[in-house]
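> pasting the structure only:
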């Protein structure tokens, strides 16, 4: 039942440890290094003078490699900030002047963990297979003075972008900042034409207050002879298989009015527990309808909580069947880096009275794990759009409390109707985003700001990469007549922000899911071609009212649906909408995650699932690929 991670980083220490090999003399006059390699010991001194002239020639310094990428052209579209990784903090990326040249800069105001992905396949083209070594100048800057930092270079290579850890880097001496990091990737297995990419991380930082910024310059891609491979810096990062620059919200609840659990950054080995005492603010937030959200990474992708002081006794919550107890499962996203445990799940084990839960909550997994942050907020369905319209040209940015926006087109005005929703794809240092109606007849008005400006206004669902603002919320502040909203809509955050795109469509909701039965992975096809999986008895048993089929996918047009080829009712598409002209119901999808409910299948194939056949297939109107698919439970505690 383990959900496979689509773009994960294995749990590994990023700390650089330097050590001198301990040597011991043996009786035969050799010295053995800690690596087991025997070397000849120096001979004993003789009384005869050595008349040979000493060799004063200095060793020739290693030739500095010419860079493939030096950022002097200001281009960086081949790189993106990766926030889909456990523990990653929202970062802002830009090309800046540094150390007498230009460099790529990453900065954030959170915990300091940064991950930047670079599409080496796009940069190197058909020369990618020759890549054997990567060098780059890495440095950090900190307003409070020098702070040592370190991280790792991960490679995603081969036919399926499997992970290869190339090595660690560190900057720990102020006088050697920046310095050239060298990574041997000769065993990585890069394959031309397969959208292979690398991720560079900064995962540790000894700064006591403000996290250090990361500077990257003079990236050299070298072949086996040490020759520099030319790179085309005009390319874009694209959409490599298994990678998403956005945080993965599949299977999860949306969170509104979240409260940060200060100081909740702990780790442990498999089946070891660690946690933090509840503050009064956290206790106040833990009410019916609330959710504990845990950002983590673990060797298995599993996570749950332990109530070690509960009055009912030491209790796991959300462990599912990983310990053989057959309990309820926590809600975990496809990336295996975010876990949610509901108030109701804890109450089912420990009772409704939070006073009897004990003073603290711990985390646990069945493999080595680390938790980077915890929040508690009110659970809301994860929003999604159907029949979405792209707001052309909506790509703007600004500093904290600065606004920027785009005029509404006639198409956007027509889409903004009751029951619609605005979806903003963005990044910001704080993770916040809302709208500003700067020309509204009622006056300049923020919508969805919550209490970030002290107004105590309505909160919206924000994932850190997408924000959702319903039509009804705008109407609450600006009135029902869209003609009085003004000619444009702006975006704003309380920290530096950037918006990549905006869509308007009919509001829908993804369901939070757990207890996943895997259908399989790695199916793909051209437009209107089908492929899929045979259904086992366990899979058929899991298809019950309240279940859904979760699909992690990509397609050229963004849509996908399923086909029931052996149904007694005949060959049936489910969730195709009007793509084939049938005017059927649409599956719920956002370009990477799709859900099709049991009820949608029953509507097309009948209530008796024994007549559905023993195979399920996938299809789209364009080339598509399914990374993973599951039959999942969508009933939450308290559902009938």
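Sure thing, it's come through. Please read all numbers here as calculations on a predicted model, not as lab measurements. Numbers count the residues shown, from 1 in each chain.

> for stretch 573-592, buried residues please.
Residues of stretch 573-592 classed as buried: 573-577, 579, 584-592 (neighbour count, 16 or more other Cβ atoms under 10 Å). Using the backbone N, CA and C atoms, a C-beta is placed for each residue, glycine as well.

> from these, which land in strands?
Members of the buried residues of stretch 573-592 lying in strands (criterion: DSSP state E): 573-574, 588-589.

> which pair of those residues spans the longest distance?
Longest distance between any two of those is 15.2 Å, between 573 and 588; criterion Cβ to Cβ.

> does residue 588 touch residue 386 like I think?
Yes: because the distance of 6.8 Å satisfies Cβ atoms under 8 Å, residue 588 is recorded as touching residue 386.

> which residues are in contact with each of the two?
Residues touching both residue 588 and residue 386 by Cβ atoms under 8 Å, 6 or more residues apart in numbering: residue 508.

> among the buried residues of stretch 573-592, which pair sits farthest apart?
Checking the buried residues of stretch 573-592 against each other with Cβ to Cβ, the farthest-apart pair comes out as 584 and 592, at 22.2 Å.

> number of nearby residues for residue 107?
Neighbours of residue 107 under the rule other Cβ atoms under 10 Å: 20.

> for it, give the beta-bridge partners.
Counting by DSSP bridges, residue 107 forms beta bridges with residue 92.

> if I read this right, it contacts residue 92, doesn't it?
Yes: the pair residue 107 / residue 92 is scored as a contact, 5.5 Å apart, by Cβ under 8 Å.

> now list whatever residues contact both of these two.
Residues within reach of residue 107 and of residue 92 at once, by Cβ under 8 Å, 6+ apart, are residue 429.

> so residue 482 touches residue 416, yeah?
Yes: using Cβ under 8 Å, residue 482 is in contact with residue 416, at 5.6 Å.

> among the buried residues of stretch 573-592, show me the least confident.
Comparing pLDDT over the buried residues of stretch 573-592, residue 591 scores lowest. The value there is 79.

> which element is encountered next along the chain beyond the strand or helix carrying residue 121?
Here residue 121 is covered by helix 120-124, with elements defined by DSSP states H and E. Following helix 120-124 in sequence order, the next helix or strand is strand 133-141 (DSSP H and E).

> rounded mean pLDDT for that next one, please.
Across strand 133-141, pLDDT averages out at 95.

> packing partners for it?
For strand 133-141, the packing partners by 3 or more Cβ pairs under 8 Å, 6 or more residues apart in numbering; DSSP states H and E come out as strand 162-171, strand 179-184, strand 197-202, strand 213-222.

> switch to 10 Å and redo it
Other helices and strands packing on strand 133-141, by 3 or more Cβ pairs under 10 Å, 6 or more residues apart in numbering; DSSP states H and E, are strand 92-98, strand 101-107, strand 149-157, strand 162-171, strand 179-184, strand 197-202, strand 213-222.

> make a markdown table out of the ones you listed and add mean pLDDT and distance to residue 76.
Written out in a markdown table, the entries for the helices and strands packed on strand 133-141 read as follows (pLDDT from 0 to 100; distance: least, Cβ to Cβ, whole Å):
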| stretch | mean pLDDT | distance to residue 76 |
| --- | --- | --- |
| strand 92-98 | 87 | 5 |
| strand 101-107 | 92 | 6 |
| strand 149-157 | 92 | 18 |
| strand 162-171 | 91 | 20 |
| strand 179-184 | 96 | 19 |
| strand 197-202 | 94 | 13 |
| strand 213-222 | 96 | 10 |
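
> nothing else from me, thank you.
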